[in-house]
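1. What would the 3D arrangement of this be:
(2 chains)
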Amino acid sequence: MKNALLLSFSLHIVVLGVVPLFALFQKEKSTYPVSAYQVSIMSMPEQTVSTAFTDKTESAIKTEKKDAKDSKKSEKSKGSKSGYKGKLGNISATGDFQYSYYFEIIMTKISENWRNPYEGESGKISAVVYFVIKRDGEIDRIKLVTSSRNYYFDQAALGALYATRKLPPLPEEFKKAELGVNFEFEYVQ
Amino acid sequence: MFNALSKWNIGGATLASGWAGKSIIIILFIISVIAIAIFIYKIKEFRKISIRNDKFLLAFHKKVSLNEFYKLNAEFDCPLSRIFDSAYRPITSMSQEVNKNIKETMSFSAMEHSLVKEKQKIESLLVFLATTVVISPFLGLLGTVWGILDAFMDIKTFGSAHINVVAPGMAEALVTTVAGLCVAIPAVVFYNYLLSRANKFLDELEVFEKELINEIRLSL
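-> Reported below is the predicted structural model:
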């Protein structure tokens, strides 16, 4: 019986060791195969939340005030060279990209889909997400660059991008095929 | 880097789940280890029994007389041989003058006793597998319900019913159900297999008992 127990235990360890390998294989195939389904799920409750916003309930007003504070403070903070500072935080693009109006559109589009889940005591929290905008405006290769060390905040940041999925096409004056963007989600209390 | 949303990232989801989820996963792991160990142990035992029983029956059908065979019996060491031993021992130990009926009664009662003991030995530990089959999905479900409870508490603490708040909690919660089913499904297969083999042995024992009763009646 002792031998059987040992054998069984080692079998379990082997099986448990093999399962995470599937995750590695899945990673190689494509960047985000599952997320396509998540987009539609995520966009649904968004509408109900935004209607609650227009109702001006007590909590909604509070969050608005916080957002206002947030924007003031983030404007003070330093941005990168070819970037744009907005309500959510900073955007910076890879390479030369001069068209700040485009950043403004991105900012509003993504902020529509972003809902801050964090309501902690400590002052500032931010997460940087990298993604690529294709010629036709499709968002691709979403990746968490700097974690906020808060799981829900990170997921909300990624989720906002999955939900947005499609942005307006890149400006015609911009010649490259795609644009890499570092998008910082910032929340200051 | 693991994709946090990947369904294969079970380890990550387990680590992220609460103490209830973790402890249930650990309990399920221990149950699973024991269940598989019992399966391995019983398989070995059954193989041994099957080989020795066949050998014993072959020798038993070739025998000249019960008395002769009784002397050789010790070398077999299997359920059938133990039943035969306990049945024939009273007859050899009693003197020739004792009434035939008394010898028979003594022999048969000893045989019955030994038969029950052998049956219990064959069926032992199978109860654990049967319990595992029933209990592990329930344990998993308990963990899931607990996790969903936590997920709804998160809505309160984060002040938002956004899917990003609720979904991770749900995913973490469902891990325990996955674990429960992963333990239960092999256990069902193993239990049914072992039960069918055990039933075969029990039938064999009962057939042999009847055969032995006739042989002893004839020999006396």
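2. Stretch A:108-116 near chain B at all?
-> Yes. Counting by CB under 8 Å from any CB of the partner chain, contacts between stretch A:108-116 and chain B involve A:115, A:116. All C-beta spots, glycine's among them, are computed from the backbone N, C-alpha and C.
3. quick check: mean pLDDT across that stretch?
-> Here stretch A:108-116 scores 79 as its mean pLDDT.
4. what does stretch A:2-22 give?
-> 86.
5. One more: stretch B:197-212?
-> 92.
6. Check stretch B:27-34 too.
-> 94.
7. What residues sit buried inside it?
-> Buried residues in stretch B:27-34, counted by 16 or more other CB atoms under 10 Å in any protein chain shown: B:27, B:28, B:31, B:32, B:33, B:34.
8. so residue B:215 sits right up against residue B:66, yeah?
-> Yes. Counting by CB atoms under 8 Å, residue B:215 does reach residue B:66; the two are 6.1 Å apart.
9. picking up where we left off before, of the buried residues of stretch B:27-34, which is the nearest to residue B:91?
-> residue B:34 (43.1 Å; CB to CB).
10. how much space between the closest one and residue B:67?
-> Here the criterion is CB to CB, to the nearest Å. By it, residue B:34 lies 46 Å from residue B:67.
11. just residue B:144 next, same as before
-> 65 Å.
12. Quickly note the distance from the nearest residue in space to residue A:147 that is not next to it in sequence to residue B:163.
-> Nearest non-adjacent residue to residue A:147, counting by CB to CB, 6 or more residues apart in numbering or on different chains: residue A:154, 5.5 Å away. Going from residue A:154 to residue B:163 by CB to CB gives 14 Å.
13. for chain A, longest helix please?
-> Counting by DSSP state H, the longest helix found in chain A is helix A:2-29.
14. and that helix, what other elements does it pack with?
-> For helix A:2-29, the contact count by 3 or more CB pairs under 8 Å, 6 or more residues apart in numbering or on different chains; DSSP states H and E identifies helix B:10-16, helix B:19-62 as packing neighbours.
15. The same query, at a cut-off of 7 Å, please.
-> Counting contacts by 3 or more CB pairs under 7 Å, 6 or more residues apart in numbering or on different chains; DSSP states H and E, helix A:2-29 is packed against helix B:19-62.
16. Pull the distance from the helix it packs on to the chain's centre.
-> 6 Å (CA atoms, centre = their mean, to the nearest Å).
17. What of stretch B:131-150?
-> Worked out by CA atoms, centre = their mean, stretch B:131-150 lies 23 Å from the chain centre.
18. now swap in stretch B:115-134 and tell me
-> On CA atoms, centre = their mean, the centre of stretch B:115-134 falls 5 Å from that of its chain.
19. ok so, going back, give me the neighbour count for the residue nearest to residue A:147.
-> Look at residue A:154: counted by other CB atoms under 10 Å in any protein chain shown, it has 21 neighbours.
20. try residue B:99
-> So residue B:99, with other CB under 10 Å, has 9 neighbours.
21. ok, now residue B:65?
-> For residue B:65, using other CB under 10 Å, the count is 9.
22. likewise residue B:219?
-> Neighbours around residue B:219, by other CB under 10 Å: 11.
23. Setting aside sequence neighbours, what's the nearest residue to it?
-> Residue B:219 sits nearest to residue B:66 (CB to CB, 6+ apart), 5.1 Å away.
24. Just to check, that neighbour is in contact with residue B:91?
-> No. Between residue B:66 and residue B:91 there is no contact under CB atoms under 7 Å: 8.2 Å.
25. By mean pLDDT, point me to the weakest helix or strand of the chain.
-> Using chain A. None of the helices or strands of chain A scores lower by mean pLDDT, DSSP states H and E than helix A:35-54, at a mean of 35.
26. With chain B instead?
-> Lowest-scoring helix/strand for chain B, mean pLDDT, DSSP H and E: helix B:10-16, at a mean of 63.
27. right, and residue B:144 touches residue B:171 too?
-> No. With contact defined as CB under 7 Å, residue B:144 and residue B:171 do not form a contacting pair (10.6 Å).
28. Settle it for me: which of these two has more neighbours?
-> residue B:144 (23 against 20).
29. what about the more buried one, which helix or strand?
-> Taking DSSP states H and E as the criterion, residue B:144 maps to helix B:126-158.
30. Same question for residue B:115.
-> helix B:100-123.
31. how distant is that helix from the center of its chain?
-> Here helix B:100-123 is found 24 Å from its chain centre; the criterion is CA atoms, centre = their mean.
32. Which stretches in chain A count as helices?
-> Under DSSP H, chain A gives helices at A:2-29, A:35-54, A:58-76, A:100-113, A:151-164.
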